[in-house]
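# okay, structure incoming, though there's no sequence with it:
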Ligand SMILES: [Ca+2]
């Protein structure tokens, strides 16, 4: 009796953990390249390593919450398009000092590396 309920509990716990992991891994295709790989959807903020939306790309959605940008885009955002409100973050000292830029739906920059794009570490729903 007891062993059966134990394994049932473990199985239930493992099932819950699996669902959570899928939910986290699902909507954030990190480290992809090219326009197609960006998998851009409505409500996303998409970043590219090159100017004019070229090079490595990655899209973020407010539902993802706080996310560190992939290595290819760390301090290396050449352009972006925002179809959602969000916040670009440059960490000066984790976790208490950061520099931020508010991003509004409809914002875009074809050349951003010479500005905050050269500093971006993370994206979050709000600053
Ligand atoms: Ca930085």
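That came in fine, so what should we check first? For clarity, every value in this text was computed on a predicted model and none was experimentally measured.
# my read is residue 117 is in a helix, agree?
Yes. Judged by DSSP: H, G, I helix; E, B strand; the rest coil, residue 117 forms part of a helix.
# give me the distance between it and the ion.
10 Å (C-beta to the ion, to the nearest Å). Bear in mind the C-beta positions are built from the backbone N, C-alpha and C, glycine included.
# relative to the ion, how far out is the residue lying closest to that residue once chain neighbours are set aside?
Once flanking residues are discounted, residue 117 sits nearest to residue 77: 3.6 Å by C-beta to C-beta, 6 or more residues apart in numbering. As judged by C-beta to the ion, residue 77 and the ion stand 10 Å apart.
# so what's residue 77 up against?
47, 48, 49, 69, 88, 112, 113, 116, 117, 118, 120 (C-beta atoms under 8 Å, 6 or more residues apart in numbering).
# out of those, which are buried?
Neighbour-count burial (16 or more other C-beta atoms under 10 Å) applied to the contacts of residue 77 gives 47, 48, 49, 69, 88, 112, 113, 116, 117, 120.
# ok, the contacts of residue 77 vs the ion, which is closest?
Nearest to the ion, judged by C-beta to the ion, of these is residue 120 at 6.4 Å.
# now do the contacts for that closest one.
Residue 120 touches 47, 69, 73, 74, 75, 76, 77, 88, 89, 90, counting by C-beta under 8 Å, 6+ apart.
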